[in-house]
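**Q** Below: sequence and its predicted model.
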Amino acid sequence: MIDAIVATVPEQWQLMFQLLLLPISWIPFAQSAMFDWAWNADTFLGAGAKRAFVLLPTLLVIVVFWSTMLASYTVPFRSNRGDFLISMVGLWWEMGRSIWLFWVGFIRFIWALVGWTWGLFRLMVELFFKASRRAFVTPFAMMDWLGRKYFKPGVPWIAFVMTIAWSALEALIFTFTLLPTVTEIFYDLSGFQGSVLMPPILFLFLFGLIAGSFAAMQGLAEAVERRQIKQIFGMLIVEFFVMFFEVFFLYRELVDAITPWLAAQTGVRLGLWAVLSMASFGWIGIRAMTWFLFARYGTPALLAVLSRQTMDMPMATDEEAPPAFPEADWWRGPINALKSEHQWFKASSRELLELLSLPVLQLLAAAVNCATVVIASRQAFELPFTNLDQVMGKATLLQALKRTPRMRAGAEPVSAD
């Protein structure tokens with residue numbers, strides 16, 4: 001490039017022009033070699049590392065070379081040459097310090113980023129283990145809570161639910177048992193095949209009958225408890241007819257279903273009374289087992305719900321109050337801690353931004369200082385930057401130049417204003 005410029009000058013002035021350009025003639029060759037070394041590498045990772053950590057410092061060195069050599073042309077024409085030369089020497093000091101702070105700043109940023117990544121990884125591991133522990137412990141805690149709460153005086157919800165579930169189970173079994181018979185009767189009466197609504201309607205009908213059977217047994221039990229003889233005989237008659245209906249129409253169908261199996265195993269075919277006897281024994285056995293297990297506790301609750309009456313249960317005192325159900329705080333604890341540390345995270349994010357930005361801004365400010373020293377014999381920025389406020393506070397370069405004191409020989413620094 002220098003040779004091309006010299007070639008444009010008349011031949012008699014070329015030697016003098018070459019001597020004039022001698023201070024800067026070597027810079028383009030050095031610049032090309034330095035840039036080529038900072039940009040290229042044998043491997044992809046090597047090239048990436050050079051471009052990240054070496055390219056910007058190399059560009060700053062090139063800027064300082066050009067500034068120093070170009071400033072040397074202006075030395076004979078400047079006043080306060082001593083101060084100017086001191087400023088030029090200060091440029092080299094700022095260059096070395098800025099490059100060193102650039103590398104140190106990137107190391108600090110990488111170290112802080114590793115620390116943040118490790119902290120985030122630890123938080124994720126902590127959440128995972130707490131979630132796993134909660135998933136394993138919650139069923140047992142729920143069972144413990146239900147057990148302690150259930151054993152306090154109050155509505156026997158488990159017996160209530162089991163009574164309804166058993167009534168639904170019996171109704172479902174008898175629905176499939178009686179459905180062919182009911183469908184045939186419906187066809188004989190109406191001449192139409194049973195619709196899809198027949199099973200639900202039959203299920204609800206049987207569910208009411210079985211729940212009513214438990215209600216009749218509750219009435220008999222209350223009469224016996226109060227020792228009301230007339231009511232006892234009346235409820236016995238009612239219970240007999242309830243038993244007759246269920247045995248004849250429901251349980252008999254179950255016995256009829258196993259009659260072919262009994263005939264194949266024993267060779268004896270059961271008659272009417274044998275079938276009714278087996279069905280009666282089955283009804284008494286099933287009703288007795290379910291009554292003494294849960295129905296005698298769940299039936300009063302069912303009747304209270306249907307009649308919208310309050311059950312007469314002893315109230316629990318404050319000391320006997322059931323414990324609150326354990327909350328699933330496996331995620332609330334870490335999240336609340338994260339929220340409480342919002343200010344810390346905000347300050348830390350600003351610190352990371354400073355660690356990433358300041359090294360690059362140091363180099364840019366040093367390059368700007370090179371230009372301002374050559375032009376105005378003073379630096380625009382006071383380096384090094386310690387925080388982003390020093391950079392963000394200067395809206396423009398002109399404001400920075402106006403706020404920079406001018407050096408006068410034998411005098412204290414004075415403001416440009």
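**A** Now that the structure is in, tell me what you want to look at.

**Q** Check which residues of the helix or strand containing Phe214 are buried.
**A** Per DSSP states H and E: Phe214 is located in helix 198-226. By neighbour count with 16 or more other Cβ atoms under 10 Å, helix 198-226 contains the buried residues 199, 202-203, 206-207, 209-211, 213-221, 223. For glycine as for every other residue, the C-beta is placed from the backbone atoms N, C-alpha and C.

**Q** now stretch 78-90
**A** If you call a residue buried by 16+ other Cβ under 10 Å, then stretch 78-90 has these buried ones: Asp83, Phe84, Ser87, Met88.

**Q** starting at the chain centroid, how far to it?
**A** From the chain centre to the centre of stretch 78-90 is a distance of 61 Å (Cα atoms, centre = their mean, to the nearest Å).

**Q** Quick check, Ser87 in contact with Arg378.
**A** Yes - using Cβ atoms under 8 Å as the test, Ser87 is close enough to Arg378 to be in contact (6.8 Å).

**Q** related to what we said a few turns ago, take the buried residues of stretch 78-90 and lay them out in CSV including pLDDT, secondary structure and distance to Pro57.
**A** Conversion of the buried residues of stretch 78-90 to CSV gives the following (pLDDT from 0 to 100; DSSP: H, G, I helix; E, B strand; the rest coil; distance: Cβ to Cβ, whole Å):
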residue, pLDDT, secondary structure, distance to Pro57
Asp83, 78, helix, 27
Phe84, 80, helix, 25
Ser87, 80, helix, 21
Met88, 81, helix, 19
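
**Q** Least confident secondary structure element in the protein?
**A** Ranking every helix and strand in the chain by mean pLDDT, DSSP states H and E puts helix 397-403 at the bottom, with a mean of 56.

**Q** about what we covered before: what packs against the helix or strand just after the helix holding Phe214?
**A** In the C-terminal direction, the helix or strand that comes right after helix 198-226 (DSSP H and E) is helix 229-246. For helix 229-246, the packing partners by 3 or more Cβ pairs under 8 Å, 6 or more residues apart in numbering; DSSP states H and E come out as helix 198-226, helix 272-290.

**Q** Going by neighbour count, list what's buried in helix 229-246.
**A** Going by neighbour count (16+ other Cβ under 10 Å), the buried part of helix 229-246 is Ile232, Met235, Glu239, Val242, Met243, Glu246.

**Q** hmm, back to that, what is the nearest of the buried residues of stretch 78-90 to Phe29?
**A** Comparing those against Phe29 with Cβ to Cβ picks out Met88 as the nearest, at 22.6 Å.

**Q** show me what contacts the closest one?
**A** With contacts defined as Cβ atoms under 8 Å, 6 or more residues apart in numbering, Met88 is in contact with Thr68, Ala71, Val373.

**Q** Tell me how many other residues surround the first one.
**A** Looking back up the chat, that one is Thr68. Thr68: 20 surrounding residues under other Cβ atoms under 10 Å.

**Q** after the stretch of helix or strand Ser98 belongs to, next one along is what?
**A** Taking DSSP H and E as the criterion, the element that holds Ser98 is helix 81-150. Past helix 81-150, heading to the C-terminal end, the next element that is a helix or strand (DSSP H and E) is helix 157-190.

**Q** Now do that next one, average pLDDT.
**A** Helix 157-190 comes out with an average pLDDT of 83.

**Q** Now that helix: buried residues?
**A** Within helix 157-190, the residues scored as buried using 16+ other Cβ under 10 Å are 159-160, 162-164, 166-167, 170-171, 174-175, 177-178, 182-183.

**Q** sorry, back to before: return the list of helices and strands in contact with the helix holding Phe214.
**A** Under the contact definition 3+ Cβ pairs under 8 Å, 6+ apart, helix 198-226 sits against helix 157-190, helix 229-246, helix 272-290, helix 296-307.

**Q** how does it look with 6 Å?
**A** Applying 3 or more Cβ pairs under 6 Å, 6 or more residues apart in numbering; DSSP states H and E, one finds that helix 198-226 makes contact with helix 157-190, helix 229-246.

**Q** Dump the ones you listed to a markdown table, plus distance to Phe128.
**A** Output for those, formatted as a markdown table (distance: least, Cβ to Cβ, whole Å):
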| stretch | distance to Phe128 |
| --- | --- |
| helix 157-190 | 35 |
| helix 229-246 | 56 |
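
**Q** Identify whichever of those lies nearest to Lys50.
**A** When the helices and strands packed on helix 198-226 are compared by Cβ to Cβ, helix 157-190 sits nearest Lys50, at 73.8 Å.

**Q** Return the distance of that closest one from the chain's centre.
**A** On the basis of Cα atoms, centre = their mean, helix 157-190 is displaced by 47 Å from the centre of the chain it belongs to.

**Q** Same check on stretch 256-265?
**A** With Cα atoms, centre = their mean as the basis, the distance from the averaged C-alpha position of stretch 256-265 to the chain average is 61 Å.

**Q** Pull that stretch out as CSV, backbone CA atoms only.
**A** Included here for stretch 256-265 are C-alpha records, laid out as CSV according to Å, rounded to 0.1, in the frame of the first residue of the first chain:
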residue,chain,number,x,y,z
ASP,A,256,-79.5,-71.1,39.8
ALA,A,257,-76.3,-70.1,38.0
ILE,A,258,-74.2,-72.6,40.0
THR,A,259,-76.9,-75.4,40.0
PRO,A,260,-75.5,-77.0,36.7
TRP,A,261,-72.1,-77.1,38.2
LEU,A,262,-73.4,-78.8,41.4
ALA,A,263,-75.3,-81.3,39.3
ALA,A,264,-72.2,-82.1,37.3
GLN,A,265,-70.0,-82.5,40.4
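
**Q** Please report how far Pro180 lies from Ile201.
**A** Distance of Pro180 to Ile201, given as Cβ to Cβ, to the nearest Å: 15 Å.

**Q** Would you tell me which of the helices and strands packed on helix 198-226 gets closest to Ala304?
**A** For Ala304, the closest of these is helix 157-190, at 9.3 Å, according to Cβ to Cβ.
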